[in-house]
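Colleague: A predicted structure for the sequence below; I have some questions about it.
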Amino acid sequence: MLDLKLIRENPKEIERRLQRRDPAISLGKLLEYDEERRKIIGHVEEKKSLRNKVSEQVGKLKREKKDAEAQKVIAEMGQLADEIKALDNKLAQLETQMKDILDRLPNLPHPSVPVSQNKFDQKILRIHKEKPNFSFEPKTHLELAETFGMLDFPRAAKIAGSRFPLYRGWGALLEMGLIQFMFKYQVEKNGYTPMIPPYLGNEESFYASSQFPKFREQVYEIPEDKLFINPTAEIVLCNVHRDEILEADQLPINYAGYTACFRREAGTYGEEERGLIRMHQFNKVELFKFTKPEESYAEHEKMCEDAEDILKELGIHYRAALLPSCDMGLAAAKTIDLEVWIPSQNRYYEVSSVSNCEDFQARRGNIRYRPGKDAKPQFVHTLNGSGLATSRLFIAIIENNQQPDGSVVIPEPLRDYVGADRLKP
């Protein structure tokens, strides 16, 4: 959530910066409501002050045994109370309308973010390794999975419907190996605190993380329990310190959390998004940081490096891309995507989005820290990134490591988990 005080002080500048994300954004209605709200607050304060004076007058008249005059003044007070109640109701209505607008406004883009309304106008920051050069027509991950008995989508559909996976055999071992390797690496090599958080969250948690209200329709809900199924561990990790005041020497706090993730992914998709490309359920190791404001962009770079470490260890060709202003998540001020190469589709797919949300989520979740002993608490900055999501990484591993003889080489870090160094047809 943006700071309303900042909007009041710099309305034109804030609107201009927001329009870098979406030219249709206007702050006119918000500012109109805010001006009316402040006028009403002034009227309410005046009437409450008058009520206090009248109340004192009633007391004085009663002490002087002037009951008839006192009753007349009391009647006037009743009318004043009705006026105050009507103003309070109008004030509550305005505040609800303002909150609805504020809740849907995105974060301000960082100055380094490319300004564009075309999501393909990303800036390539770096590329690791060369694309694989095959002397044969590479198979798709679905063809390879069928050869090695790794996935069973027909039975998954029988159990749960379309776009749910059923990993089996080598597929289950590779999937679990990826999760264990990534989780252990971030804890042991990069110093993250391991977390296995709840898979469900309440309304407050989804609001604080900025998932609600805008993306409510994309989330699976358990209405009778007023709970929602996590589409990403970012939501629950963000809320670990909701409504807390942290000490400066605690920061940065670095969490690595594993969860399965569930997304409705409403809509239809083309032939290229069959298989594991776009699923209702997938596994992910999520990285999350709580930092001091002045350190958040250095920590953002560090988080990118931490996520990239996994791809480097697995020997996978990838690129890091700075997203344009139109393509970032609601809470993000800056996002860098890590994209792996999928040979059968001759294109890149994102396996991690690493975002600095500055104080956007912290303001919603009231997550603060105390810069010094007697200092006033300030909002922390929050950062999140996949470290990594497994499904597309699974595809990249088996497609990029297929051999002319039909075998698939298992990356060295995963061999102990899988129990093989090569899968042979």
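Modeller: That came through, no problem.

Colleague: that's a helix at residue 282, yeah?
Modeller: No. With DSSP: H, G, I helix; E, B strand; the rest coil as the criterion, residue 282 is assigned strand and is not in a helix.

Colleague: what's the helix or strand for the spatially closest residue to it that is not a sequence neighbour?
Modeller: Using C-beta to C-beta, 6 or more residues apart in numbering and skipping residues adjacent in sequence, the residue nearest residue 282 is residue 391, 4.4 Å away. Every residue, glycine included, has its C-beta placed from N, CA and C. Using DSSP states H and E, residue 391 maps to helix 390-400.

Colleague: Same question for that helix: list its buried residues.
Modeller: By neighbour count with 16 or more other C-beta atoms under 10 Å, helix 390-400 contains the buried residues 390-400.

Colleague: Let's have those residues in a markdown table, adding pLDDT and distance to residue 188.
Modeller: Below are the buried residues of helix 390-400 laid out as a markdown table (pLDDT from 0 to 100; distance: C-beta to C-beta, whole Å):
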| residue | pLDDT | distance to residue 188 |
| --- | --- | --- |
| 390 | 97 | 19 |
| 391 | 96 | 24 |
| 392 | 97 | 24 |
| 393 | 98 | 19 |
| 394 | 98 | 22 |
| 395 | 98 | 26 |
| 396 | 98 | 23 |
| 397 | 98 | 21 |
| 398 | 98 | 26 |
| 399 | 98 | 28 |
| 400 | 98 | 26 |
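
Colleague: Run through the helices of the stretch 251-400 of the chain in chain order.
Modeller: 296-313, 360-365, 390-400 (DSSP state H, counting those that start in this stretch).

Colleague: closest one to residue 192 among those?
Modeller: helix 296-313 (7.7 Å; C-beta to C-beta).

Colleague: now for that closest one, which elements pack on it?
Modeller: Here helix 296-313 touches strand 123-128, helix 170-188, strand 281-291, strand 318-322, strand 334-342, strand 347-356, strand 381-389, going by 3 or more C-beta pairs under 8 Å, 6 or more residues apart in numbering; DSSP states H and E.

Colleague: Run me through the strand neighbours of the last one, direction for each.
Modeller: When you say that, I think you mean strand 381-389. Looking at strand 381-389 with DSSP bridges, its partner strands are strand 281-291 (antiparallel), strand 347-356 (antiparallel).

Colleague: so which of the ones you listed gets nearest residue 15?
Modeller: strand 347-356 (22.0 Å).

Colleague: from the middle of its chain, how far away would that closest one be?
Modeller: 13 Å (C-alpha atoms, centre = their mean, to the nearest Å).

Colleague: quick one: buried residues of it?
Modeller: Along strand 347-356, these residues count as buried under the neighbour rule (16+ other C-beta under 10 Å): 348-349, 351-356.

Colleague: what's around residue 366, how many residues?
Modeller: 14 (other C-beta atoms under 10 Å).

Colleague: and it, how far is that from residue 244?
Modeller: 8 Å (C-beta to C-beta, to the nearest Å).

Colleague: So residue 414 sits against residue 178, correct?
Modeller: Yes. Counting by C-beta atoms under 8 Å, residue 414 touches residue 178, with 6.8 Å between them.

Colleague: Export the strands paired with strand 381-389 as TSV, with columns for mean pLDDT and distance to residue 197.
Modeller: Below are the strands paired with strand 381-389 laid out as TSV (pLDDT from 0 to 100; distance: least, C-beta to C-beta, whole Å):
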stretch	mean pLDDT	distance to residue 197
strand 281-291	98	9
strand 347-356	98	19
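
Colleague: Distance to residue 100 for those - can I get that in a markdown table?
Modeller: Formatted as a markdown table, those follow (distance: least, C-beta to C-beta, whole Å):
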| stretch | distance to residue 100 |
| --- | --- |
| strand 281-291 | 27 |
| strand 347-356 | 24 |
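
Colleague: how about those strands, which one is nearest residue 223?
Modeller: Ranked by C-beta to C-beta, the member of the strands paired with strand 381-389 that lies closest to residue 223 is strand 281-291, at 19.9 Å.

Colleague: just to revisit the earlier point, what's the most buried one of the helices and strands packed on helix 296-313?
Modeller: Compared across the helices and strands packed on helix 296-313, strand 381-389 shows the largest average neighbour count, a mean of 27 (mean count of other C-beta atoms under 10 Å).

Colleague: quick one: it to strand 318-322, angle?
Modeller: 150 degrees (axes from the mean of the first three to the mean of the last three C-alpha atoms, to 10 degrees).

Colleague: Quick check: mean pLDDT of strand 381-389?
Modeller: The average pLDDT for strand 381-389 rounds to 98.

Colleague: what's the angle between that strand and helix 296-313?
Modeller: Going by the same axes, to 10 degrees, strand 381-389 makes 10 degrees with helix 296-313.

Colleague: Begin at 654, not 1, for the rest of this chat.
Modeller: That works, and once the first residue is 654, the last one we named lands at strand 1034-1042.

Colleague: Where does pLDDT dip in the stretch 854-1003 of the chain?
Modeller: Low-confidence segments of the stretch 854-1003 of the chain, defined by pLDDT under 70, span residues 919-925.

Colleague: Of the buried residues of strand 1000-1009, just say which sits nearest to residue 875.
Modeller: residue 1006 (26.5 Å).

Colleague: beta partners of the closest one?
Modeller: Beta-bridge partners, per DSSP bridges, of residue 1006: residue 990.

Colleague: Give me the helices and strands touching the helix ranked longest in the chain, please.
Modeller: Using DSSP state H to define each element, the chain has its longest helix at helix 720-757. When contacts are defined as 3+ C-beta pairs under 8 Å, 6+ apart, helix 720-757 sits against helix 681-716.

Colleague: go with 10 Å
Modeller: helix 657-662, helix 681-716, helix 1013-1018 (3 or more C-beta pairs under 10 Å, 6 or more residues apart in numbering; DSSP states H and E).

Colleague: Comparing the ones you listed, which yields the minimum mean pLDDT?
Modeller: Across the helices and strands packed on helix 720-757, the lowest-scoring stretch is helix 681-716, with a mean of 81.

Colleague: helix/strand/coil for residue 678?
Modeller: coil.
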